[in-house]
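>>> sequence and computational prediction follow.
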Amino acid sequence: MSDMRELYQEVILDHNRNPRNFGVLEGANRHAVGHNPLCGDNVEVFMDVEDGRIHDIRFKGNGCAISKASASMMTSELKGKTIEEARGIMAKFHDLVVGGGDESDDMGKLAVFSGVCDYPARVKCASLAWHTLTAALDGSQDPVSTEDKEIALVGIEAALV
Amino acid sequence: MSTATAVEPIVKSAGLDVETLRAQFPILSQVVHGHPLVYLDNAATTQKPLEVIEALVRYYTDDNSNIHRGVHLLSERATMHYEQARIKVQEFIGAERADEIVFTRGTTESINLVAATYGRTHVRAGDEILITGMEHHSNIVPWQMLCEEKEAHLRVVPVNQDGTLDIDGYHALLSDRTRIVAIVQVSNVLGTINPVREMIKAAHERGIPVLVDGAQSAPHGAVNVQDLGADFFAFSAHKMYGPTGVGALYGRYDLLDAMPPYQGGGDMISSVTFEHSTYNTVPHKFEAGTPNIAGVIGFGAAVDWIQKIGVGKIAQHEHDLLLYGAKLLSTIDGLTVIGNAHDKAAVISFVMDGVHPHDIGTVLDLEGIAIRTGQHCAQPVMDRYGIPATARASFACYNTKAELDKLAEALVRVKEVFE
């Protein structure tokens, strides 16, 4: 059971039960859709971005506890951040879940996802919302898939660490 | 007769000595995340007994050489073992002739072979191909690709809420335009055993050939293709205690003989000039290139092993496990089994209120229990039930009721964690 608690920390279970910033953001000017065809998870990220800053961010979707909590905590973390800051956090989060994270990185609350790197099959669950966020920031109209070449490599990368 | 003797067969679990049998699977004795492995992902792939593993080692240690063309002793031995495997597989599924067995990479390639050869020859614009709503992607996509190429139409037999096929719907969908019926005998998600013999009979009355996807049925009960009346029967070795990457296509001889080749290359030809090639006879016409020789020999060893244990005994033991497991899981609040057909193989798909199947899978893994979670390569089945995914426990001859007890206990803990 202790292993399980390393992955499913109370914060993650809490965000799974009560996701923050959940639902459509009316008047969003950035939006992207993400999908994990292997498990059927899907997520939509909505943002109101002005002057390079994320004024508001919401998400909706269907998924496992890891993907839902990740999306929920992502929105909490990024609300009010500049796009540059958001991209920096995204990069650090990526490193954290594939196991290459630098311990000196201050991940704040997102550090609860450090257990994910021990479960290569779940890395895509944790990163789906973040890849969708990137697509929304890039203004990409194509739905994000965890099986897209670059994202699919993330799972392999984690498996090899 | 005393009551004790009357119940004995059930206590002994269909006459299978499961502990002795488990000892033949080295992989099962390992510890996973600190717990003895409980392997319940058999519909994905079964584990391999020593006899199969040893057959692979023996081939590479003693007989490795290319088949059919060599004049040296090793090649003769390898060819003999390869062709003996064909006879074993023929007898296992009750085919009339050994040359009706084509070795492939597995069920998927077997179906693709039929779609690309028989399908391309017989399907024209406006024609229909009839499948069911509970097919694995491997019995959907090859037909979809053929339909796109030929401007033909894919028709789908609906699935009832209990996981059975809408048989009236099937009869209604058989039409003068139907060129092929392709149906799964046992659903990999729902476990439903479809009334394939009756369905084939109805198709044959209209002169329509039927391909049966036997990936999930071949390992779990006696299959006789002649009794079923199947024109094509596709299955994989790795789901029946054999190696991965090898399987078979059974095809009625007259159909195979009339079909064009699948892939071109060595071994599938009689003669080659730059102007023209003539093709080898059935089944070699469909086995281009050096095949998975070791795999085929291992496939033969798996058939021998199953025959030795007894197909009937395996089926009875798995059925006992199914009934026991279904009863156990029905006691867990908030757990819903997807697929409740009366005729059902040892597959239990389920969902739990408030817990995503992925999380169920990870928590069980940490308790040493391997199940499958996700869409099981059957997205239309998920859509049919309006669910994103399921958790699936599937049983094989080496599973025990004690293992199902562990599954049920772990599922109760899953509930506690996510509540």
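Great, that's in hand.
>>> what's the weakest-modelled helix or strand in the chain?
As the question left the chain open, I've gone with chain A. helix A:149-160 (a mean of 58; mean pLDDT, DSSP states H and E).
>>> oops, chain B please
Min over SSEs of chain B, mean pLDDT, DSSP H and E: helix B:3-11 (a mean of 38).
>>> what residues does the residue of the stretch 1-150 of chain B found nearest chain A make contact with?
In the stretch 1-150 of chain B, the residue found nearest to chain A is B:His33; the distance is 6.1 Å by C-beta to the nearest C-beta. The way it works is simple: take the backbone N, C-alpha and C, and place the C-beta from them, glycine included. Neighbouring residues of B:His33 by C-beta atoms under 8 Å, 6 or more residues apart in numbering or on different chains: A:3, B:365-368.
>>> now do 7 Å
A:3, B:365-366, B:368 (C-beta atoms under 7 Å, 6 or more residues apart in numbering or on different chains).
>>> swap in A:Cys125?
A:41, A:63-64, A:66-67, B:358.
>>> those residues: which two are farthest apart?
A:Asp41 and A:Ile66 (9.5 Å; C-beta to C-beta).
>>> so where's chain B shaky on pLDDT?
Counting by pLDDT under 70, chain B has low-confidence residues at B:1-14.
>>> tell me the domain boundaries of it?
B:3-32+B:310-414, B:52-308 (automatic domain parsing).
>>> make a markdown table from the ones you listed and add mean neighbour count to it.
Shown next, in a markdown table, are the domains of chain B (neighbours: other C-beta atoms under 10 Å in any protein chain shown):
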| stretch | mean neighbour count |
| --- | --- |
| domain B:3-32+B:310-414 | 19 |
| domain B:52-308 | 20 |
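>>> what residues does chain A have near chain B?
A:3-4, A:7-8, A:13, A:38-41, A:62-65, A:119, A:122, A:125 (C-beta under 7 Å from any C-beta of the partner chain).
>>> need the contact list for A:Gly25.
No Gly there; residue A:25 is Leu. Going by C-beta under 7 Å, 6+ apart, A:Leu25 touches A:46, A:48, A:56, A:58.
>>> in helices, which of those residues appear?
In helices, judged by DSSP state H, none of these are found.
>>> could these be laid out in CSV, adding pLDDT and neighbour count?
CSV is the format used below for those (pLDDT from 0 to 100; neighbours: other C-beta atoms under 10 Å in any protein chain shown):
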residue, pLDDT, neighbour count
A:Phe46, 97, 22
A:Asp48, 96, 17
A:Asp56, 97, 17
A:Arg58, 97, 21
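>>> of all those residues, which two lie farthest apart?
Maximum distance among the contacts of A:Leu25 (C-beta to C-beta): 9.0 Å, for A:Asp48 and A:Arg58.
>>> okay, helices next: where are they in chain A?
With DSSP H as the criterion, chain A has helices spanning A:2-7, A:10-17, A:65-78, A:83-98, A:120-138, A:149-160.
>>> buried sites along the third one?
Across helix A:65-78, burial judged by 16 or more other C-beta atoms under 10 Å in any protein chain shown covers A:65-75, A:77-78.
>>> run the angle between that helix and helix A:120-138 for me.
If you take axes from the mean of the first three to the mean of the last three C-alpha atoms, to 10 degrees, helix A:65-78 sits at 40 degrees to helix A:120-138.
>>> what angle do helix A:65-78 and helix A:83-98 make?
150 degrees.
>>> and helix A:65-78, how far from the chain's centre?
6 Å (C-alpha atoms, centre = their mean, to the nearest Å).
>>> please name every helix or strand in contact with it.
helix A:10-17, strand A:41-50, strand A:53-62, helix A:83-98, helix A:120-138 (3 or more C-beta pairs under 7 Å, 6 or more residues apart in numbering or on different chains; DSSP states H and E).
>>> hmm, try it at 8 Å
Helices and strands touching helix A:65-78, by 3 or more C-beta pairs under 8 Å, 6 or more residues apart in numbering or on different chains; DSSP states H and E, are helix A:10-17, strand A:41-50, strand A:53-62, helix A:83-98, helix A:120-138, helix B:357-366.
>>> after the least confident helix or strand of chain B, next one along is what?
helix B:18-22 (DSSP states H and E).
>>> tell me how far that next one lies from the chain's centre.
23 Å.
>>> who's in contact with it?
Looking at what lies outside helix B:18-22 - C-beta under 8 Å, 6+ apart - the contacts are B:28-29, B:309, B:317, B:397-400.
>>> before we move on, the earlier item: need the contacts of B:His33 in JSON lines with distance to A:Glu26, can you?
Below are the contacts of B:His33 laid out as JSON lines (distance: C-beta to C-beta, whole Å):
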{"residue": "A:Asp3", "distance to A:Glu26": "42"}
{"residue": "B:Asp365", "distance to A:Glu26": "41"}
{"residue": "B:Leu366", "distance to A:Glu26": "41"}
{"residue": "B:Gly368", "distance to A:Glu26": "48"}
